[in-house]
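S.K.: here you go, sequence then predicted model.
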Amino acid sequence: EAQVTQNPRYLITVTGKKLTVTCSQNMNHEYMSWYRQDPGLGLRQIYYSMNVEVTDKGDVPEGYKVSRKEKRNFPLILESPSPNQTSLYFCASSLLGATNEKLFFGSGTQLSVL
Amino acid sequence: DAKTTQPPSMDCAEGRAANLPCNHSTISGNEYVYWYRQIHSQGPQYIIHGLKNNETNEMASLIITEDRKSSTLILPHATLRDTAVYYCIVRKRDTGRRALTFGSGTRLQVQP
């Protein structure tokens, strides 16, 4: 089944403790992206990647890192999490250049930073 | 990307067609209309998109007015599982970061 898989689904951590949220897609998509969703603010793009080793900042990249060493994986790294990074996170992927280009989203990671 | 305006909420009876409107009066010629939905706190799900012509797929139909300033998403036979927030998004087909701007959307409640 074609899908974007995020792990973990829920994560509670403390301020300053480094964490990684994993994202993997099995559709051979070139494009991958991370969003965060907060009440009243909608979904905002954090980082995106157009292909392996090609990443760039979205609208709210501060406090986050990403890497794209393999086409299928796009982990989100919080080196020193803070409470304002408490949010619902989504990974997404897409083919590039297709006529019906569309984003496939993962099921989300609810992060709480205490 | 052009802004969109959607009603905050709508109700629909199960088995009936759900018609969700979207206004995008500032849309430009190279911008597409996309529809996504989000069920509770799950990841958004692509529904359909179009440029000028009406489109239909297994999930829904998209009707775009001739002047392209508004569109309607039609779910032909709504079920309880269609209860969700529906987002109308206008976006250029570009080579850039492809960020989607999700507004407030329309919360569709399908009633039994």
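M.R.: Right, received. Where do you want to start? Just so you know, these numbers come straight off a predicted model, no measurement behind them. Numbering: from 1, shown residues only, chains lettered A, B, ... in the order given.
S.K.: what bridges to the closest residue in space to B:Leu100 that isn't next to it in sequence?
M.R.: Excluding the flanking residues, the one nearest B:Leu100 by Cβ to Cβ, 6 or more residues apart in numbering or on different chains is B:Ile89, at 5.4 Å. C-beta coordinates here come from the backbone N, C-alpha and C atoms, glycine included. Taking DSSP bridges, one obtains B:Tyr34 as the residues bridged to B:Ile89.
S.K.: from B:Glu31, how far out is B:Ile89?
M.R.: 10 Å (Cβ to Cβ, to the nearest Å).
S.K.: so for these two, which residue has more residues nearby?
M.R.: Neighbours per residue, other Cβ atoms under 10 Å in any protein chain shown: of B:Ile89 and B:Glu31, the larger number sits with B:Ile89, 22 against 19.
S.K.: and A:Gly58, how far from A:Tyr47?
M.R.: 5 Å.
S.K.: list the residues that contact both of these two?
M.R.: A:Ser33, A:Trp34 (Cβ atoms under 8 Å, 6 or more residues apart in numbering or on different chains).
S.K.: who has more neighbours, those two?
M.R.: When A:Gly58 and A:Tyr47 are compared for neighbours, A:Tyr47 comes out ahead with 24 against 19, by other Cβ under 10 Å.
S.K.: pLDDT score assigned to whatever residue of chain B ends up closest to chain A?
M.R.: Scanning chain B for the residue nearest chain A gives B:Gly43, at 3.2 Å (criterion: Cβ to the nearest Cβ). Predicted confidence (pLDDT) for B:Gly43: 95.
S.K.: show me what contacts it?
M.R.: Contacts of B:Gly43 by Cβ under 8 Å, 6+ apart are A:Val4, A:Phe90, A:Ala92, A:Phe105, A:Gly106, A:Ser107, A:Gly108.
S.K.: ok, the last one - how many residues close by?
M.R.: Counted with other Cβ under 10 Å, the neighbours of A:Gly108 add up to 21.
S.K.: these two touch, right, it and B:Ser41?
M.R.: Yes. The pair formed by A:Gly108 and B:Ser41 meets the contact definition of Cβ atoms under 8 Å, at 6.2 Å.
S.K.: what's the neighbour count on the nearest residue to A:Val14 once chain neighbours are set aside?
M.R.: Take A:Val14 and drop its neighbours on the chain: the residue closest to it by Cβ to Cβ, 6+ apart is A:Leu114, 5.2 Å away. If you count neighbours by other Cβ under 10 Å, A:Leu114 ends up with 10.
S.K.: point me to the residue of chain A nearest chain B.
M.R.: For chain A, Cβ to the nearest Cβ, closest residue to chain B: A:Phe105, 3.2 Å.
S.K.: report pLDDT for that residue.
M.R.: 96.
S.K.: doesn't A:Ala92 make contact with it?
M.R.: Yes. With contact defined as Cβ under 8 Å, A:Phe105 reaches A:Ala92; the gap is 4.7 Å.
S.K.: residues in chain B within reach of chain A, list them.
M.R.: B:34, B:36, B:41-46, B:49, B:93, B:97-104 (Cβ under 8 Å from any Cβ of the partner chain).
S.K.: contacting residues for the residue nearest to B:Gly103 when sequence neighbours are not counted?
M.R.: Among residues not flanking B:Gly103 along the chain, B:Thr4 sits closest, at 5.8 Å (Cβ to Cβ, 6+ apart). By Cβ under 8 Å, 6+ apart, the residues touching B:Thr4 are B:Cys22, B:Asn23, B:His24, B:Cys88, B:Ile89, B:Val90, B:Gly103.
S.K.: for A:Lys69, state which of the residues you listed is nearest.
M.R.: B:Ile89 (30.5 Å; Cβ to Cβ).
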